[in-house]
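Visitor: Fold the following for me, if possible:
(chains A, B and C)
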Amino acid sequence: MKPTKWITALLAAAGIVLAPAVQAQEDIVIGGSIPMSGVFAFAGIGIHAGIQDYLKIVNDAGGIKGRKFKYVFEDTAYKPDVSVAAFKKITGGNKVSLYYGDSTAFQRTINPELERMGSIMMAGASLATEINDSKKYPAQFMAGPDYSEQIGILLRHIAKEKPGAKVAIVFSDSEFGRDPVDEFRASAKKLGLTVAVEIQTAPGSVDVSTEVIKLRRADPDYTIFHGYVLAPIPEFVTQMKKSGAKSHFMGTFWTMDSSTVMKLGESGEGFMGVMPYRYYYDTSAKSPMLDKIRQMRPEYQSTPYLQGFLTTMLFVEATKRTLDAGKPLDAKNLKAALNSIKNFDTGGLIGVPITIRGNSIPVGRIYKADMKAKTMVPASDWIHLE
Amino acid sequence: MIDFDWLLLFEVSLAGIGSGGLYALAGLAFVLIFKATKVVNLAIGEMLMMGAYFFFAMASTLGWPIWLGVVVAVLGSGALGALIERLLIRPMLGESPISVFMITIGLSSILVGAVELIWGADQMRLPDFMPSDPVLIGEAMVPPKIFYGFLVATGLIAVVLVVFRFWRGGIALRATASDQAAAYSMGINVPRVFSLAWVVGAMVAAIAGIIVGSISSLSPTMGVFGLSVLVVVIVGGLDSVAGALVGGIVVGLVEAWSGTYLGGQYKMLSTFSLLVLILMVRPYGLFGTHEIERL
Amino acid sequence: MRIGAAKQSYAADEALFDSRTQRIWLGVLTVALVVLPFVASQYWLYLTCLVGINIIAATGLNILTGYTGQVSLGQAAFMGVGAYTVAVLDRTLGTPFFINLIAAGGIAMLVGMVVGIPSLRVKGLYLAIATIAASFILHFIFANWKSVTGGTAGLTVKPATLFGLALDSEFRFYWLMLPLTAVMVFGAANLFRTRIGRAFIAIRDRDISAEVLGISLLRYKLLSFAISSFYAGVAGGLWAYFFRSVTPESFPLLMSIFFLAAIIVGGMGTILGGILGAIFMTLVPEALKMVFGWLPNAAEMAVHLAPVRIIVFGILIVGFLVFEPHGLSEIWRRVRRFFHLWPFRT
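Guide: Numbering: from 1, shown residues only, chains lettered A, B, ... in the order given. Below you'll find the predicted structure:
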C-alpha cells in the first residue's frame, strides 16, 4: 500500500462527497477525531476511508429523507488532548449530530461534555469494556464486541475445540492491555478452562525473553495476546515455536488486520484471532456490501476500514430510524433508534444479522492465518455472546 | 520455597545478562560521547533508532545483502553523528552542560519526527539475519538473538577498550577527557576529537540499534530504550567504559528478575528505583570519576 | 522616546509596574482578557483555558529551573499528583473546588520536596535524571494504586461549582482560570522581590558561593522544589477540573519536556518568559495546522502534520538555545527598547 497515492485517491473522493451543493435541507454532520498520523495512523487512515465510502454510497442515493451527510474531521495524531481540541473545534463550527472518537481516553474524557450537550451520539475506535456500559456512557456505542467480549469469543472457541485446555494471556501494561484480564479469568473458569499463566509486559519493552521463558514453563495449549498491535507478538511466537512449545496463538481485533498478521512471517502460520467482520477478500458467503466495497476499491481494505464503514452504516441507520419516527436528532433519540435495531442485515459485513441491545455488538468469528495464500481463513462459525 | 525452580532462575538470569549486553552496548555509545565531550546525550535512544531505520532502508526497502546493509547503516549513522556534532553541539561549546543537555532533548524530538515523516509511525520488522534456533547452555535455553547480541556487544566493548589503550586517536580522546586545556596545549586537535567521539558513538549506537530493532520491531517509539540506557550509565559511571558493561548487566538482571518474579509492570519501577538508590548512595556511579568542585 | 522617571520612594522604585504607560497597557490587557470570552469562539476559549493552565505550570518550573537553576523533568508528574488529589477529594469528601485546589498544590508540594531531597546530594544533570526517575515512579503509583487512583482507567471528576453554578463550559471555566492564573503569576513575580527569591537566584548563579554567603542550600533548594511543585499541583488541579478525567497516561514525560521547552523558548529566569513560552508553545501546533491549510495540496499534506509538529518542537528548543538563549522575553525586550529609544538607534 502506497500511503500517499492512496490518500490522494481518498481525498479526491472526499472532494466529490464534500463538494458544496445547494441543498434544500440542512446537512447532517458527522464529526470525527481521526488519527491520520502518529502511532495509530494505520487504523485512522482506514477508518477515514471507510466513513467516507459509506457516506458516498448514502449521499449518492440521495441521503436520508432528502438530507445529505457531511463529514468533518481533524487529525489527532492519537493524542487525547488534541482529540478534545478537535472535538471543540468541529462542534464549535458545525451542528454535529454524530461523532467518531479515536481512543478510550478521548471518549472517556469527552463523555461528561456529551451528556451536557445531549445532541451528539458517539462511536469510535475504542472497544474498551468500560465504554460498553449504557448507564455510564448513554450516548456512545461501538461497532463490534468490546475487548472482554472478544476474549469471551476466543475462549468459547477454545472450549469447543479442546475442552479443558490450558490457556494463557499475554498483555501489555497499559489500559488497553489490562482491559479484559478479569473477564479472561472469569470466562475461563466458567468454560472449564485452566489458566496456565497471566503475563504482563512492560510498555515499550524491547526484550521479552524472560517473559517467553515464563510462558514456556506454563506450557499453555493456547496463548492469547492482547494490548498490542504487532510487537512483541512476533518475538513471542518465534521463540516459542523454536523451543518446541505446542501452543496455539491468538490475537484481538487491532492485531487482526491481514497485513499485520502477515508480518509475522513463517512462524505466524496458524495464528488465530477474533474478527467481528468479514475480511475484504472473504468470498466464502454472499455479501453485497463487500461486493460494493470491492467495486469502489479494487485493492485490499484494512479491518479498521471495515470498522469505520460499519460504524457509519449504524450512524446512518440510527439517523434514518429517528427521522422516520419524526423525532429531532439528539443523543437520546439516536441512541434509542440504534437500540431498536434488531436482526439487522449489514449486507454481509457481519455474517449474521445483528441486534444492538447495549453499547456493543457481541458477535465475532475466529479466523486463522494461511501464510502460503497470505490470507486469513475462517476457522469457526459466527459466535454470538448472549 | 522447597521446590524453587533453579533452572528458571538460571534461564532468566542468562536472558537478563544477555539483554544486559545490549544495554551495555548502547551505554558504550553514550559513554564514548560523554567521556570526550561531557555531553549528557538524552537522544541516545533516538540515535539507536536512526541506525536501525537506516539498516531497514538498506536491507528491506532496497533489498541489499545484510552485511552491506549493516556496513552502510553504520557509516550513515557515523555521518549523522558528525552532522549533529557540527550543527548542534559545536555552537554550544563553552555553554553550560545543562543547555547542551536540553539541545539533545530537542534533537531527540527532531529525530523522532524525521523518522515518522520518512517511514511513518507503523511498526515494522527487520529481516531476520541471526540464527533463530535457541542456544543451549547446559539445560538452559537462551534465546538466539539475545545470545548473539551479547557476543557482539562484549566483542565491541573489548575492541573499544583496546583501542582506547593503544590507538593514537583513543589516547587523544582519553587525554581530552581528563583535561581539555592540557590536551590542547599538547597539540591535540580537540574539536577533531569531539567529532570523532560523536562519529564513533553514533556508529556504536547504530549497531546496538540494529540488534535491538531485530529483537523487537522498528517504531518511532524505540527511543524509550534510551531511558534504560540512562540508568545503565548512571549505575556504571558516566565516563567509564567498563562501567557501561557492568551497569548494563546489572540493569539487565534487575529487569529480568523483577519481570519474572514480580510482573512486567515492575520492570520500569525497579530500574528507576535502582537509579534513585545509586544517585543517593554513589552519584558518580560504580566506576565513574568523582569530580571535586572548587570555587 | 522615554525619559527618566522620577521616583520618590523605594516602594515606587521596586514596583512591578513602574510607569504610567505600563499601567495603562496593563489596564488595556485586563479589559481585553475580560472581553475575550464574549467574542472568542468555543475553540479559541478552549485553547485560552489550556494556555492559562500551562502558564501556571511553566511559571512554576521557571521558579525551579530558570531562577534556582535546578533542572527538573518532573513537572508533569507533579501536575498529575495535583490532578489526582483533586479527583480523589472530589469523589470522597466532595469538598469545594478552592479547598481541593489548595490541597492539590499542598500534596504536590510535599511530593516535590521528597523528590527534591536528592538535589542536596546531586545536582545539574544528575538531578534532571533523578526527576525522570521520579516521574516514572509516580506514574507507576498512579497506574497501580487501584483503590485510590482507579488504576489505568483513572478517575472522573465532577465540574467545579461556584455558588451552585457548575463551571462545565469553557466560558464558565475561563472565569476560574483567569484570576487564578493572574494570582499565581503575580505571586511568582513578587517572590523575586523577597529574600527567598534572591536566594534562589544566588544559588542558580553559583551554589557554592551562595552557601558561603550564608544561604542554606538545603533549605532554599527544597523551598524552590516546594514552590515549583505547588504551582504544578494547582495547574494539575485546574487541569482535572478542565478535562474532568484523570488517567496515568494524562501526564507523560513528554509533557514535562513540553514545559521545559516552554521556558527555554519563552526565556528562563523571567516571569514574562514563562508566560510567553506557554502561550507560544501551546499555539504553535495551531499555527502549523493553519500553515498546512494554506498549502496548495493541503489535504494530501495533512498526514505529515504530526511528524512536522514533532520536528518543529525539537527545532524550537534547539534553535532558541543556539540563537536566542534568553528566549522570547529577550526579543520582546528588544522590541520594547526600540520603541523606548525611538527615534534613536538601539
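
Visitor: going forward, measure contacts between C-alpha atoms and count neighbours the same way
Guide: Will do.

Visitor: Near chain B, which residues of chain C are found?
Guide: Within chain C, the residues that sit near chain B (CA under 8 Å from any CA of the partner chain) are C:71, C:118, C:121-122, C:124-126, C:129-130, C:133-134, C:136-137, C:140, C:208-209, C:257, C:304, C:306-318, C:321-322.

Visitor: so where do the helices sit in chain B?
Guide: For chain B, the helices defined by DSSP state H occupy B:6-37, B:44-56, B:66-84, B:97-119, B:144-166, B:168-178, B:180-185, B:190-215, B:225-236, B:241-261, B:266-281.

Visitor: Show me which positions of the last one end up buried.
Guide: To tie it back to what came earlier, the one meant is helix B:266-281. Within helix B:266-281, the residues that count as buried by 16 or more other CA atoms under 10 Å in any protein chain shown are B:266-276, B:278-280.

Visitor: and if you look at the fifth one?
Guide: Neighbour counts using 16+ other CA under 10 Å place B:144-150, B:152-154, B:156-157, B:160, B:164 of helix B:144-166 among the buried residues.

Visitor: For the residues you listed, give me TSV that also has pLDDT.
Guide: Below are the buried residues of helix B:144-166 laid out as TSV (pLDDT from 0 to 100):
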residue	pLDDT
B:144	85
B:145	84
B:146	86
B:147	89
B:148	89
B:149	87
B:150	90
B:152	90
B:153	88
B:154	90
B:156	89
B:157	89
B:160	86
B:164	81
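
Visitor: ok, which stretches of the stretch 101-250 of chain A are helices?
Guide: Ranges of helices in the stretch 101-250 of chain A, per DSSP state H, counting those that start in this stretch, are A:104-109, A:111-117, A:147-161, A:175-178, A:181-190, A:209-218, A:233-242.

Visitor: so can I have JSON lines of the ones you listed showing mean neighbour count and distance to residue B:132?
Guide: Shown next, in JSON lines, are the helices of the stretch 101-250 of chain A (neighbours: other CA atoms under 10 Å in any protein chain shown; distance: least, CA to CA, whole Å):
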{"stretch": "helix A:104-109", "mean neighbour count": "24", "distance to residue B:132": "38"}
{"stretch": "helix A:111-117", "mean neighbour count": "17", "distance to residue B:132": "48"}
{"stretch": "helix A:147-161", "mean neighbour count": "22", "distance to residue B:132": "29"}
{"stretch": "helix A:175-178", "mean neighbour count": "20", "distance to residue B:132": "28"}
{"stretch": "helix A:181-190", "mean neighbour count": "17", "distance to residue B:132": "31"}
{"stretch": "helix A:209-218", "mean neighbour count": "22", "distance to residue B:132": "13"}
{"stretch": "helix A:233-242", "mean neighbour count": "21", "distance to residue B:132": "7"}
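
Visitor: between these, which one is nearest to residue B:13?
Guide: Closest to residue B:13 of those is helix A:209-218 (CA to CA; 8.5 Å).

Visitor: How far off centre is the closest one?
Guide: In terms of CA atoms, centre = their mean, to the nearest Å, the centre of helix A:209-218 is set 30 Å apart from its chain centre.

Visitor: That one and chain B in contact?
Guide: Yes. On the criterion CA under 8 Å from any CA, helix A:209-218 is in touch with chain B at A:209, A:210, A:211, A:213, A:214.

Visitor: quick one: which two of these are the most distant?
Guide: A:209 and A:214 (8.7 Å).

Visitor: Next up, the contacts around the residue nearest the centre of chain C.
Guide: For chain C, the residue sitting closest to the mean C-alpha position, by CA atoms, centre = their mean, is residue C:58 at 1.9 Å. Taking CA atoms under 8 Å, 6 or more residues apart in numbering or on different chains, we find residue C:58 in contact with C:259, C:260, C:262, C:263, C:274, C:275, C:277, C:278.

Visitor: Just send the helices of chain B back as JSON lines, with distance to chain C too.
Guide: Shown next, in JSON lines, are the helices of chain B (distance: least, CA to the nearest CA, whole Å):
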{"stretch": "helix B:6-37", "distance to chain C": "12"}
{"stretch": "helix B:44-56", "distance to chain C": "13"}
{"stretch": "helix B:66-84", "distance to chain C": "11"}
{"stretch": "helix B:97-119", "distance to chain C": "4"}
{"stretch": "helix B:144-166", "distance to chain C": "25"}
{"stretch": "helix B:168-178", "distance to chain C": "18"}
{"stretch": "helix B:180-185", "distance to chain C": "20"}
{"stretch": "helix B:190-215", "distance to chain C": "18"}
{"stretch": "helix B:225-236", "distance to chain C": "8"}
{"stretch": "helix B:241-261", "distance to chain C": "14"}
{"stretch": "helix B:266-281", "distance to chain C": "5"}
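
Visitor: Up against chain A, what does the stretch 151-300 of chain C have?
Guide: Taking CA under 8 Å from any CA, the part of the stretch 151-300 of chain C that reaches chain A is made up of C:152, C:153, C:156, C:168, C:243, C:244, C:245, C:299, C:300.

Visitor: which SS state does residue C:290 fall under?
Guide: The local conformation at residue C:290, judged by DSSP: H, G, I helix; E, B strand; the rest coil, is helix.

Visitor: For burial, what's the neighbour tally of it?
Guide: Using other CA atoms under 10 Å in any protein chain shown, residue C:290 has 12 other residues around it.

Visitor: For the helices of the stretch 101-250 of chain A, give me TSV that also has mean pLDDT and distance to residue A:94.
Guide: TSV is the format used below for the helices of the stretch 101-250 of chain A (pLDDT from 0 to 100; distance: least, CA to CA, whole Å):
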stretch	mean pLDDT	distance to residue A:94
helix A:104-109	92	19
helix A:111-117	90	13
helix A:147-161	95	33
helix A:175-178	90	32
helix A:181-190	94	40
helix A:209-218	90	50
helix A:233-242	89	42
